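Asks: Let's see this in three dimensions:
(one chain, ligands or ions: 2)
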Amino acid sequence: MSTSFDAPASSLESKPGTPDFGPATDLVCRECGASYALGAAYACIECFGPLEVGYDLSGVTRELIESGPQNMWRYSCLLPVASYAGDERNLNPGLTRLVRADNLAAALGMTGTLWVKDDSGNPTHSFKDRVVAVAQSAARRLGLGTIACASTGNLANAVAAAAARAGQDSVVVIPSNLEDGKVLTTATYGGILLAVDGNYDDVNRLCSELIGDPLTADWGFVNVNLRPYYAEGSKTVGYEIAEQLGWRLPDQVVAPIASGSLLTKVDKAWRELAKLGLVDDTPWKVYGAQATGCSPVAQAFRDGRDVVKPVRPDTIAKSLAIGNPADGPYALDVVRRTGGAIEDVSDAEVVEGIRLLAETEGIFAETAGGVVVANLRKLLATGQLDGSKETVILNTGDGLKTLDAIADAVGPTATIAHDVDEVTRVISEHHARTPS
Ligand SMILES: *Cc1c(COP(=O)(O)O)cnc(C)c1O
Ligand SMILES: [Zn+2]
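Replies: Ligands and ions are numbered 1, 2, ... in the order given. So this is what the prediction gives:
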């Protein structure tokens, strides 16, 4: 139960030659089922399909989890890491708040209970701290000294900060057009930050090419060659929602889609909990949310296609701007299997979504959160989502990092002189404009 942030990193040296991956057993191809030893592999040699961590999950109890630390490592028994990796020098993210959002529900005309899983409360203010924590753990066990990534912004923050905390080298590669709130924060954590002229898909391709290069022999790209481990970190969002609801599952969840990984892993987490008997196996629906300016998965859903056609992103929701999403087909599978839907909204609606969540619940989301709220409204309006059911929406990042998005839409009520009469005038004008 020791969760000291300053616990020594002694467990690092304790297992030379015998990496401990907790309950993980192998890497399994999601397409053909071929099995590989746990290592820095991410694509099947037989069919090029993506690899996913396989487990032998047994002996997991609610008590075991509840006796763990007050962060995501309480679910170590369900992750590819040694037990209680929280003893190591990492940022110990997770166990973010689940906020009951009655005001937002009322504003949207929902009669069922609405919750916001607010991952802006993580150490670098987005859910990416979770995925990096697992990938960083795996990198250590594989003897990879440098952590690297291709990022749409939040991952850059998470990797640079986690490396700083662990006294590790980092190399972060981003598109050069990202928000200052993501570039400057990343640069402040230190490490190498490479801004590439191009979009995220160009950055991702560059990183894939770098992986064969001798220069990167001891680099773990968290979302490329460590992707199977990285992706598992997103399961903790699903575990936490279930535990915070008192060990039960909600009726439906709305998740943002960039690569599509988070959405699929929330579903995977709930399937695992149901299979292990930790929650009742009640049905749930998974909904996906995109911005219209980068909506390849929503388009495939609407067209009834299995294939996701790559697009060139153009949206203020830069954290979701992946035009060629690796997990798009798997996100489609999850949404169709559970009976959900995937929608997209305009940038103007994203800004309205950010403002609505802030005005009703006091939660200032980044653009991705605005995408989710606006999609929730659209799904309700189009009758695709039942407002009488219990619903959880994911806020995955903090609005302070994407101030540019709302800069033209909001500002002071008035700019006035130091004068009581002016205050009186402004207040009465304000009340006249907004009755009640
Ligand atoms: C990366 C990111 C997502 C989506 O992640 P995927 O797993 O790639 O779909 C959602 N929200 C924010 C804020 C992100 O940074
Ligand atoms: Zn395969």
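
Asks: any residue of the host helix or strand of residue 237 up close to ligand 1?
Replies: Using DSSP states H and E, the secondary-structure element containing residue 237 is helix 235-244. No - with Cβ under 6 Å from any ligand atom as the measure, helix 235-244 is seen stopping short of ligand 1, the closest distance being 9.9 Å. The C-beta positions use only the backbone N, C-alpha and C, and glycine is treated the same way.

Asks: That helix - what's its average pLDDT?
Replies: What helix 235-244 shows for mean pLDDT is 98.

Asks: which stretches of the stretch 151-300 of the chain form strands?
Replies: Ranges of strands in the stretch 151-300 of the chain, per DSSP state E, counting those that start in this stretch, are 169-175, 192-196, 219-221, 252-256, 285-291.

Asks: Using TSV, lay out those together with mean pLDDT, distance to residue 424 and mean neighbour count.
Replies: What follows is the strands of the stretch 151-300 of the chain, written out as TSV (pLDDT from 0 to 100; distance: least, Cβ to Cβ, whole Å; neighbours: other Cβ atoms under 10 Å):
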stretch	mean pLDDT	distance to residue 424	mean neighbour count
strand 169-175	96	49	22
strand 192-196	97	50	16
strand 219-221	96	59	26
strand 252-256	98	43	27
strand 285-291	98	42	28
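
Asks: which residues touch the residue most central in space within the chain?
Replies: A centroid search over the chain (Cα atoms, centre = their mean) returns residue 127, at 4.2 Å, as the residue closest to the centre. With Cβ atoms under 8 Å, 6 or more residues apart in numbering as the criterion, the residues that contact residue 127 are 119, 154, 234, 237, 262, 394, 396, 397.

Asks: Check residue 349 too.
Replies: Residue 349 sits next to 370, 374, 377, 378 when contact means Cβ under 8 Å, 6+ apart.

Asks: tally of neighbours for the residue of the stretch 101-250 of the chain at minimum distance from ligand 2?
Replies: Taking Cβ to the ion as the measure, the point where the stretch 101-250 of the chain comes nearest ligand 2 is residue 228, at 13.0 Å. Taking other Cβ atoms under 10 Å as the criterion, the count of residues near residue 228 is 27.

Asks: The one 3 residues further on too?
Replies: Under the neighbour criterion other Cβ under 10 Å, residue 231 is assigned a count of 27.

Asks: That one against residue 261, yeah?
Replies: Yes - contact status for residue 231 versus residue 261: in contact at 4.8 Å, counting by Cβ atoms under 8 Å.

Asks: For these two, list the residues in contact with both.
Replies: In contact with both residue 231 and residue 261: 131, 327, using Cβ under 8 Å, 6+ apart.

Asks: By neighbour count, which of the contacts of residue 349 wins?
Replies: Neighbour counts for those peak at residue 370, which has 32 neighbours (criterion: other Cβ under 10 Å).

Asks: Tell me the confidence at that one?
Replies: According to the predicted model, the pLDDT of residue 370 comes to 98.

Asks: Tell me the helices and strands packed up against the helix or strand hosting it.
Replies: Using DSSP H and E, residue 370 sits within helix 367-381. The contact analysis (3 or more Cβ pairs under 8 Å, 6 or more residues apart in numbering; DSSP states H and E) places helix 367-381 against strand 252-256, strand 285-291, strand 342-345, helix 347-361, strand 391-395.

Asks: With distance to ligand 1 as added columns, please give these in TSV.
Replies: Output for the helices and strands packed on helix 367-381, formatted as TSV (distance: least, Cβ to the nearest ligand atom, whole Å):
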stretch	distance to ligand 1
strand 252-256	4
strand 285-291	9
strand 342-345	12
helix 347-361	12
strand 391-395	8
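
Asks: so which of these comes closest to residue 108?
Replies: Proximity to residue 108, assessed across those by Cβ to Cβ, is greatest for helix 347-361 (8.2 Å).

Asks: Okay then, goodbye and thanks.
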